[in-house]
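In: what follows is a predicted structure for the sequence shown.
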Amino acid sequence: AFVAPVGSYRPNAFGLHDMIGNVWEFCSTHYGAYTKDAATDPGDIDPKRGRAVRGGGWSNEAKDVRSGGRNADP
């Protein structure tokens, strides 16, 4: 269980390497629940919460490592 060097694994079907699962990706906005309304950019949903992070990291279970995975990080 460790962070892997870039390019350690084969590319996916699109020829892309290292897209998710190594480390969480910090987003520029704060975490919060999305509204049910359509939004192109929801912005800072809850400024009292930590920054939004996406993707999962090396210490997560495989089922939680996906681009739709989203959480807050203080």
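Out: Thanks, I have the structure now.

In: now do stretch 42-59, average pLDDT.
Out: For stretch 42-59, mean pLDDT rounds to 85.

In: between the two ends of it, how far is it?
Out: Stretch 42-59 has an end-to-end distance of 28 Å (criterion: Cα to Cα, to the nearest Å).

In: list the buried residues in that stretch.
Out: Going by neighbour count (16 or more other Cβ atoms under 10 Å), the buried part of stretch 42-59 is Arg49, Arg51, Ala52, Val53, Gly55, Gly56, Gly57. Where C-beta positions appear, they are placed from N, C-alpha and C, glycine not excepted.

In: quick check: beta-bridge partners of the third one?
Out: Note on Ala52: beta-bridge partners by DSSP bridges are Ala72.

In: next, name the residue at the spatial heart of this protein.
Out: In the chain, the residue lying closest to the centroid (Cα atoms, centre = their mean) is Arg54, at 1.3 Å.

In: which one of the buried residues of stretch 42-59 sits closest to Ile20?
Out: Nearest to Ile20 among the buried residues of stretch 42-59: Gly55, at 4.3 Å, using Cβ to Cβ.

In: residues contacting that closest one?
Out: The contact partners of Gly55, by Cβ atoms under 8 Å, 6 or more residues apart in numbering, come to Ile20, Gly21, Val23, Trp24, Glu25, Val65, Arg66, Ser67, Gly69.

In: which ones are touching the nearest residue to the fourth one once chain neighbours are set aside?
Out: Spatial nearest neighbour of Trp24, excluding adjacent residues (Cβ to Cβ, 6 or more residues apart in numbering): Val53 at 4.0 Å. Residues counted as contacts of Val53 (Cβ under 8 Å, 6+ apart) are Trp24, Glu25, Phe26, Cys27, Tyr31, Arg70, Asn71, Ala72, Asp73.

In: rerun that using 10 Å as the cut-off
Out: For Val53, the contact set (Cβ atoms under 10 Å, 6 or more residues apart in numbering) comprises Val23, Trp24, Glu25, Phe26, Cys27, Tyr31, Gly69, Arg70, Asn71, Ala72, Asp73.

In: most neighbours among the contacts of Gly55, please name it.
Out: Using other Cβ atoms under 10 Å as the neighbour criterion, Trp24 leads the contacts of Gly55 with 22 neighbours.
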